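In: No sequence on hand, only this structure:
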Ligand SMILES: Nc1ncnc2[nH]cnc12
Ligand SMILES: [Zn+2]
């Protein structure tokens, strides 16, 4: 039997960046529309004859200076306006999946925001078919398993969420879960109590953004009212000791996104990020990219920059990867296989 705890300590500090890049990992929190790179936005705008209010890729990239979540969302929704055809959704997802494979992501659960597209007259089927086809190809051609989670936009009404669910139900075999995203403050989870109850009856996995900018109370109500299985972000939970105890005891996964938190000014510096505190308290915290095209990094960049800034260790790297498998919506046998790959990777680095 391998002595894992000594193996995790035996990795020399100068090998940590290579280990972070090489270790197998799952991504549980990324918005596929947030993977649209400026170059692809321009290419799709030209292909579809859509005009965008930026003269060049550089000018668009310069606009990515955010002060909070809303300042980002305004640009993010504008960027998504170039997506019209099934092939557009496929191309966007495929570009992300290739990047994920390069970062040794073995499994990804991708959020999508159908209301952003159906409000512009794009059919639900166009959105889901394009994304789903990329997921199928990712398994076959990249060896990456990929699944979709449909998110309701919380700045819109519950009635709109119900209508969106109705439109998506004929395609229910193509997504595994339901999430809640967009402007958090002023839109508490309980606004969506009834539609989440319906999604639960239908057998979907449930997640929600909570405690990104919003208070710990939103994390409580995501758990108790919406009955979600994971909390997206959740970094504000450290302000509530009772909540921290509950999250640790129930091993509720928190899908933390360090570069997103930095770019949206949730933390003033990456060095002040509370990821280490969440791990030390025994929470099932994970690292994720959120909207990688907008926040300056995909998975490995999130790991590398966060570890460099906060001094997290190889043992914590192992814990984060293990947490990502634990928190994923796959069967136990698949999780066990990924854990073996993770341990093999650490054993290799321990020897080198
Ligand atoms: N970080 C984030 N928070 C809430 N909604 C989002 N939609 C895309 N990224 C988001
Ligand atoms: Zn998010």
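Out: It's in. None of these values were measured; they are calculated from a predicted model. Ligands and ions are numbered 1, 2, ... in the order given.

In: Residue 120 - that's part of a helix, no?
Out: No: under DSSP: H, G, I helix; E, B strand; the rest coil, residue 120 falls outside any helix and is assigned coil.

In: you'd agree it is up against residue 82?
Out: No: the pair formed by residue 120 and residue 82 falls short of the contact definition of Cβ atoms under 8 Å, at 10.3 Å. In short, each C-beta sits where N, CA and C put it, glycine included.

In: Those two - which one has more neighbours?
Out: Neighbours were counted for residue 120 and for residue 82 using other Cβ atoms under 10 Å; residue 82 has more, 22 against 12.

In: Can you give me the neighbour number for the residue nearest to the more buried one when sequence neighbours are not counted?
Out: Distance criterion Cβ to Cβ, 6 or more residues apart in numbering; nearest residue to residue 82, sequence neighbours excluded, is residue 44 at 4.0 Å. Other residues near residue 44 number 23, with proximity taken as other Cβ under 10 Å.

In: right, and residue 44 touches residue 90 too?
Out: No: applying Cβ under 8 Å as the test, residue 44 and residue 90 come out as separate, 11.5 Å apart.

In: Which residues are in contact with each of the two?
Out: When Cβ atoms under 8 Å, 6 or more residues apart in numbering defines a contact, no residue borders residue 44 and residue 90 alike.

In: I'd like the distance from the residue nearest to residue 288 when sequence neighbours are not counted to residue 95, if you could.
Out: What sits nearest to residue 288 in space, not counting adjacent residues and going by Cβ to Cβ, 6+ apart, is residue 29, at 3.7 Å. Plainly put, residue 29 is 18 Å away from residue 95 if you go by Cβ to Cβ, to the nearest Å.

In: where does the residue in the chain that ligand 1 sits nearest to fall, phi/psi-wise?
Out: The minimum distance from the chain to ligand 1, using Cβ to the nearest ligand atom, falls at residue 181 (3.6 Å). Backbone torsions of residue 181, given as degrees, to the nearest 10, read phi -140, psi -170.

In: so how far is residue 170 from the closest residue to it other than its chain neighbours?
Out: Once flanking residues are discounted, residue 181 sits nearest to residue 151: 4.5 Å by Cβ to Cβ, 6+ apart. According to Cβ to Cβ, residue 151 and residue 170 sit 18 Å apart.

In: Repeat that for residue 74.
Out: Taking Cβ to Cβ, one finds residue 74 at 32 Å from residue 170.

In: Same question for residue 254.
Out: Counting by Cβ to Cβ, the gap from residue 254 to residue 170 is 33 Å.

In: For those two, indicate the residue with more neighbours.
Out: In this comparison of residue 254 against residue 170, neighbours counted by other Cβ under 10 Å, the higher total goes to residue 254 at 26 against 11.

In: And that one, which helix or strand is it part of?
Out: Under the criterion of DSSP states H and E, residue 254 resides in strand 253-256.

In: could you show me where the strands are in this structure, in order?
Out: 25-31, 105-112, 145-153, 177-181, 205-210, 230-233, 253-256, 284-287 (DSSP state E).

In: Would you mind saying which of those lies nearest residue 341?
Out: strand 105-112 (7.3 Å; Cβ to Cβ).

In: Tell me how many other residues surround the closest residue to residue 297 other than its chain neighbours.
Out: Among residues not flanking residue 297 along the chain, residue 259 sits closest, at 4.9 Å (Cβ to Cβ, 6+ apart). For residue 259, the count of nearby residues is 25 (other Cβ under 10 Å).

In: Noted, bye for now.
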